[in-house]
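**Q** Pasted the sequence and its predicted model underneath.
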Amino acid sequence: MPKTPVADLVAGPVAAGVPKKNPIIVADQVSRRFGGLTAVDVAHVEIPANAITALIGPNGAGKTTFFNLLTGFDQPNTGTWTFQGQDLARIPAYRVSRRGMVRTFQLTKALSLMTVMDNMLLGATHQPGENMFRALFRGGWAKREEAITEKAMSLLERFKLDTKRDDYAASLSGGQRKLLEMARALMSDPVLVMLDEPMAGVNPALTQSLLGHILDLKEQGMTVLFVEHDMHVVQEIADWVIVMAEGRVVAEGPPATVMSDPAVIDAYLGAHHDTDLGTLSGQLEIAKDMESDMVRRDLEEEAAEHGR
Ligand SMILES: Nc1ncnc2c1ncn2[C@@H]1O[C@H](COP(=O)(O)OP(=O)(O)OP(=O)(O)O)[C@@H](O)[C@H]1O
């Protein structure tokens with residue numbers, strides 16, 4: 001899948017907050033404070049439709065909090081945003097997903113104790129317009145269930161998880177869990193897929209396959225917004241990169257431009273004074289550090305969850 005040319009994405013000079021030709025999300029003055037800490041303070045940002053956008057930034061920059069706000073899992077102190085032109089601020093998460101905006105999570109303990117197939121069927125409850133009671137009253141529940149199961153099977157085949165359908169999600173490897181999260185998200189035919197660190201905890205054998213699946217989403221007409229620490233991944237698949245630091249959007253642009261932007265280098269400087277930040281390889285070194293941190297945390301959490 002070729003990268004989308006910058007000229008097709010932006011409707012102004014490349015800079016933080018630049019308007020997009022075809023924005024799927026437009027956010028204004030979005031802030032979230034935790035006590036005295038301002039975790040998110042985004043003046044204006046637009047996410048381009050039908051493209052893959054990476055949201056990057058040092059640890060604690062506010063990326064996950066911003067994701068949580070956009071998807072209704074957290075409430076802002078101030079701000080408004082639209083999704084496909086519709087006001088979405090303060091709409092609860094389950095309604096957000098019905099409108100076609102889904103996100104992935106690390107699988108929670110409860111979901112780990114369900115089978116792979118049950119996880120998929122759970123994803124279907126977020127179908128746009130889907131409502132169990134409505135389906136029952138229409139008398140088409142059995143048919144509907146059959147169709148949902150078929151859809152789940154075909155997605156599991158696509159993600160090479162079909163042989164695991166009756167296994168508990170807890171028994172999957174870190175990478176397979178990521179695939180399951182993505183497959184589950186697709187059960188609701190989303191317009192926008194938001195992936196929070198899709199590569200964290202994924203071993204190299206599955207990395208290429210995951211990248212391929214993300215590129216496929218774009219090819220199928222979906223928009224992808226993902227948080228990622230691995231700059232190799234960002235370089236490889238992102239059409240556009242948005243950089244957050246201390247809650248703000250400090251830079252935006254195509255991957256190559258952003259990586260050499262002084263504001264981005266400054267944003268990463270705090271924790272890494274010794275690294276040569278003037279070069280891409282220096283930045284990649286930082287990214288690898290951060291990634292291994294994420295991988296370690298992910299593995300520790302997984303081990304703690306399973307009492308291993
Ligand atoms: N529920 C919370 N209560 C208090 N502080 C929080 C809460 N959630 C996030 N924070 C703080 O808000 C800031 C932004 O955190 P956030 O997790 O959004 O950053 P991030 O960019 O996603 O970081 P990372 O790359 O490490 O995941 C951090 O200082 C964090 O400690």
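**A** Yep, that arrived.
**Q** All the strands of this structure, in order from the start?
**A** 23-34, 37-48, 52-56, 78-83, 86-87, 101-103, 192-196, 223-227, 240-245, 248-253 (DSSP state E).
**Q** any idea how far residue 205 is from residue 189?
**A** 29 Å (Cβ to Cβ, to the nearest Å). Where C-beta positions appear, they are placed from N, C-alpha and C, glycine not excepted.
**Q** Redo the strands of the chain as JSON lines? Include distance to residue 63, mean neighbour count and mean pLDDT.
**A** Below are these laid out as JSON lines (distance: least, Cβ to Cβ, whole Å; neighbours: other Cβ atoms under 10 Å; pLDDT from 0 to 100):
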{"stretch": "strand 23-34", "distance to residue 63": "12", "mean neighbour count": "19", "mean pLDDT": "97"}
{"stretch": "strand 37-48", "distance to residue 63": "9", "mean neighbour count": "21", "mean pLDDT": "97"}
{"stretch": "strand 52-56", "distance to residue 63": "5", "mean neighbour count": "26", "mean pLDDT": "97"}
{"stretch": "strand 78-83", "distance to residue 63": "16", "mean neighbour count": "18", "mean pLDDT": "96"}
{"stretch": "strand 86-87", "distance to residue 63": "23", "mean neighbour count": "10", "mean pLDDT": "94"}
{"stretch": "strand 101-103", "distance to residue 63": "12", "mean neighbour count": "25", "mean pLDDT": "90"}
{"stretch": "strand 192-196", "distance to residue 63": "8", "mean neighbour count": "23", "mean pLDDT": "94"}
{"stretch": "strand 223-227", "distance to residue 63": "5", "mean neighbour count": "24", "mean pLDDT": "96"}
{"stretch": "strand 240-245", "distance to residue 63": "6", "mean neighbour count": "25", "mean pLDDT": "95"}
{"stretch": "strand 248-253", "distance to residue 63": "11", "mean neighbour count": "22", "mean pLDDT": "94"}
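**Q** what pLDDT, on average, does stretch 123-132 get?
**A** For stretch 123-132, mean pLDDT rounds to 55.
**Q** and residue 83, what is it in contact with?
**A** Neighbouring residues of residue 83 by Cβ atoms under 8 Å, 6 or more residues apart in numbering: 24, 25, 96, 99, 100, 101, 192.
**Q** Residue 81: which of these is nearest?
**A** For the contacts of residue 83, the residue nearest residue 81 by Cβ to Cβ is residue 25; the value is 6.1 Å.
**Q** still on that earlier bit, show me which of residue 189 and residue 205 is the more surrounded one.
**A** The residue with more neighbours, out of residue 189 and residue 205, is residue 189; 15 against 9, by other Cβ atoms under 10 Å.
**Q** The residue lying closest to residue 165 once chain neighbours are set aside: neighbouring residues, count only.
**A** Distances taken as Cβ to Cβ, 6 or more residues apart in numbering put residue 117 closest to residue 165, at 4.5 Å, once the chain neighbours are dropped. Number of residues near residue 117 (other Cβ under 10 Å) recorded here: 19.
**Q** State the distance from the nearest residue to residue 4 once chain neighbours are set aside to residue 2.
**A** Counting by Cβ to Cβ, 6+ apart, residue 4 lies nearest to residue 239, which is 4.3 Å off, once chain neighbours are set aside. The gap separating residue 239 from residue 2 is 9 Å, by Cβ to Cβ.
**Q** Looking at the two, which is more packed in?
**A** A count of neighbours by other Cβ under 10 Å puts residue 239 above the other of residue 239 and residue 2, at 22 against 5.
**Q** Go ahead and confirm that one touches residue 51.
**A** Yes: between residue 239 and residue 51 there is a contact at 4.2 Å, judged by Cβ atoms under 8 Å.
**Q** Could you name every residue contacting both of the two?
**A** Joint contacts of residue 239 and residue 51 (Cβ under 8 Å, 6+ apart) are 4, 9.
**Q** just to revisit the earlier point, roughly how far does the residue nearest to residue 4 sit from the ligand?
**A** Per Cβ to the nearest ligand atom, to the nearest Å, residue 239 is found 21 Å from the ligand.
**Q** Look at that residue and report its pLDDT.
**A** Taking residue 239 on its own, its pLDDT is 97.
**Q** How about residue 150?
**A** pLDDT, residue 150: 93.
**Q** same thing with residue 168?
**A** 93.
**Q** One more: residue 269?
**A** Reported pLDDT for residue 269: 61.
**Q** Ok, residue 283 next?
**A** 43.
**Q** Grab the most central residue of the chain for me.
**A** In the chain, the residue lying closest to the centroid (Cα atoms, centre = their mean) is residue 195, at 1.7 Å.
**Q** Identify the residue nearest that residue in space, chain neighbours excluded?
**A** Per Cβ to Cβ, 6+ apart, closest to residue 195 is residue 226, 4.0 Å.
**Q** Many thanks, have a good one.
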